[in-house]
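In: the sequence and its predicted three-dimensional model are supplied below.
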Amino acid sequence: MIRVAVVDDQQIVRAGLTEFLHCQPDIRIVAEGRNGSQAVDLARRCVIDVLVMDLCMPGRNGLDALAAIQALAPELGVLILSGYPEALYAPQLKALGAAFLHKNCQPDEIVRAIRTVAKSREATKTRQPPSAVPKPSENRPTPVEENPCWP
């Protein structure tokens, strides 16, 4: 099961993504947020495999949040879903290890991208030496039932 958090300042986008992804048998929405500060907080306190996040949000924007998330939880897969052209942000996103998808994409492209980011994250984790993989108690709670981010 791929645990996903959706962060976008537009409630209709969050609701639409959540509703659509809820129908996928291998994806579970575990958290939502409206801005970059909430994205960083979710990365800190929640068990998430993939964070789907917008770039342009009020307060702390997606790029600033992405840098903080990378420093805080480098193992977290991030998919940027934005209305801006990828070329505007490609160097920064690549340097921070995030995937990008334009909001004009087809719904099935979002699902494929989430699965790809999750697989990439798993492959990265399995290549790490055992001493580099944090124990569950050192990082975040692992049981989904204990996830404090979703009612």
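Out: Happy to help now that I have it. Numbers count the residues shown, from 1 in each chain.

In: check the secondary structure at the closest residue to residue 92 other than its chain neighbours for me.
Out: Excluding the flanking residues, the one nearest residue 92 by C-beta to C-beta, 6 or more residues apart in numbering is residue 63, at 5.8 Å. From N, CA and C alone the C-beta is placed, and that goes for glycine too. Classification of residue 63 using DSSP: H, G, I helix; E, B strand; the rest coil returns helix.

In: and the pLDDT for residue 63?
Out: Looking at residue 63, its pLDDT stands at 88.

In: give me the residues contacting stretch 93-112.
Out: Stretch 93-112 is contacted by residues 13, 17, 20-21, 24, 27, 52, 63, 66-67, 70, 74, 77-83, 85-86, 89-90, 113, 116-117, 120 when judged by C-beta atoms under 8 Å, 6 or more residues apart in numbering.

In: helices - which of those land there?
Out: 13, 17, 20-21, 63, 66-67, 70, 86, 89-90, 113, 116-117, 120 (DSSP state H).

In: residue 77 and residue 58: what is the separation?
Out: Counting by C-beta to C-beta, to the nearest Å, the separation of residue 77 from residue 58 is 24 Å.

In: among those two, which residue is more densely surrounded?
Out: residue 77 (25 against 10; other C-beta atoms under 10 Å).
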